[in-house]
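> Fold the following.
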Amino acid sequence: MLLNFIIVAVGFVLLVKGADLLVGGASSLAKRMGISTLLVGLTVVALGTSMPELVVNVFAALSGTTDIAVGNIIGSNISNIALVLGVSAVLFPLRVHHSTIWKEIPYALLAVVLVSIMASDMALDRMSGNVISRGDGLVLVSFTFIFLYYIFGMAKKGRTQFEAVPKMSKAKMVIYIVAGILLLVAGGKVVIEGAVGLATALGMSSRVIGLTVVALGTSLPELVTSVVAALRKQSDMAVGNIVGSNILNVFMVLGISATIMPLPFSSPALFDAGFNIVITLLLFLFLFVGKKHMIERWQGLGFVALYCLYIGYSVAQGRV
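The predicted structure follows:
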């Protein structure tokens, strides 16, 4: 069992480092080619923190471990709000921008509601099982382009800001991009192999391992980004990073995964999706309780407490 933990941890390190190298190298290449920093941010950098989830899910779909693919996305979205945003708010109360409240958070809510509807085949169509089909996956992917179009329009109005892209030599750029891709591929493969072994050793379902170990690991980029932003008192960045990641996780990552391999949705997975809906609604409602348009420290603590209770319940119910 210890060996499986070590394998998974090594995989996460490879994923995070690979995403970092790929974003850095690709951003520098785009700048050298004359592509604007804005466009770089909207494409390479904006998608960078979702790369670990994407790579892990692609490997999970290809290997047939669909429970991990579903658990990874739903679990990442829950941990992003309840844990990452909760910890960030505890460190520094977060002010949320008006458009994030009325446009981006509802879009994140729409994402998980849509997945829940797509996965309710037994209840809605009286089918023998629930599944996110390839057709459903293509629909989800199409929403990714709608979201990116919205982001592009928002950026043209001056709402998005990106850090300066560092200059690199041609050789360094190539090394960064190639190394980033290789590390991502290696990390994704290692994480899936370790997670399957861990589930077997602990006597837990693949779904629970995906919800906990894998989801937490692939959320590391969001955790680091949001905590640093909170410490620097950059509330928009801390909140925007989480909401944007949750949207891309569902529409892009889950969409691509389902397009590769239809994803069966068990009843417990539907429960997880329901909790994701609840936690997203709670985020919206918290912005009108206490200080308006603020996530205060006590609310952050509430999120963290809910996350701990949810994970404890999932682990207790997830033994096979």
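> Okay, buried residues for stretch 129-143 please.
Buried residues in stretch 129-143, counted by 16 or more other C-beta atoms under 10 Å: 130, 131, 132, 136, 137, 139, 140, 141, 143. C-beta here means a position set from N, CA and C on the backbone, and glycine is covered the same way.
> Share the number of residues neighbouring residue 71, please.
30 (other C-beta atoms under 10 Å).
> can you give me the mean pLDDT across the helix or strand hosting it?
Taking DSSP states H and E as the criterion, residue 71 maps to helix 66-79. The average pLDDT for helix 66-79 rounds to 89.
> Show me what the helix or strand just after it is in contact with.
Past helix 66-79, further along toward the C-terminus, the next helix or strand under DSSP H and E is helix 86-91. Outside of helix 86-91, the residues within contact range by C-beta atoms under 8 Å, 6 or more residues apart in numbering are 94, 223, 226-227, 229-231, 238, 295-297, 299-304, 307.
> And the next helix or strand past helix 86-91?
strand 94-95.
> for the helix or strand immediately after that following strand in the chain, what is the average pLDDT?
Once strand 94-95 ends, the next helix or strand along the chain (criterion: DSSP H and E) is helix 98-99. Taken as a whole, helix 98-99 has an average pLDDT of 78.
> For residue 231, the count of nearby residues, please.
Residue 231: 12 neighbours (other C-beta under 10 Å).
> Oh, that last question was meant for residue 13, not what I typed.
15.
> where along the stretch 151-300 of the chain do the helices fall?
For the stretch 151-300 of the chain, the helices defined by DSSP state H, counting those that start in this stretch occupy 170-202, 206-209, 215-218, 220-231, 235-248, 255-260, 267-286, 297-317.
> out of these, which comes closest to residue 51?
Evaluated with C-beta to C-beta, the helices of the stretch 151-300 of the chain place helix 170-202 nearest to residue 51, the distance being 6.1 Å.
> Which positions in the closest one come out as buried?
Quick answer for helix 170-202 (16+ other C-beta under 10 Å): 173, 176-177, 180-181, 183-199, 202.
> Got the confidence number for the nearest residue to residue 63 once chain neighbours are set aside?
Counting by C-beta to C-beta, 6 or more residues apart in numbering, residue 192 is the residue found nearest to residue 63 once chain neighbours are left out, at 6.0 Å. If you check residue 192, the pLDDT there is 78.
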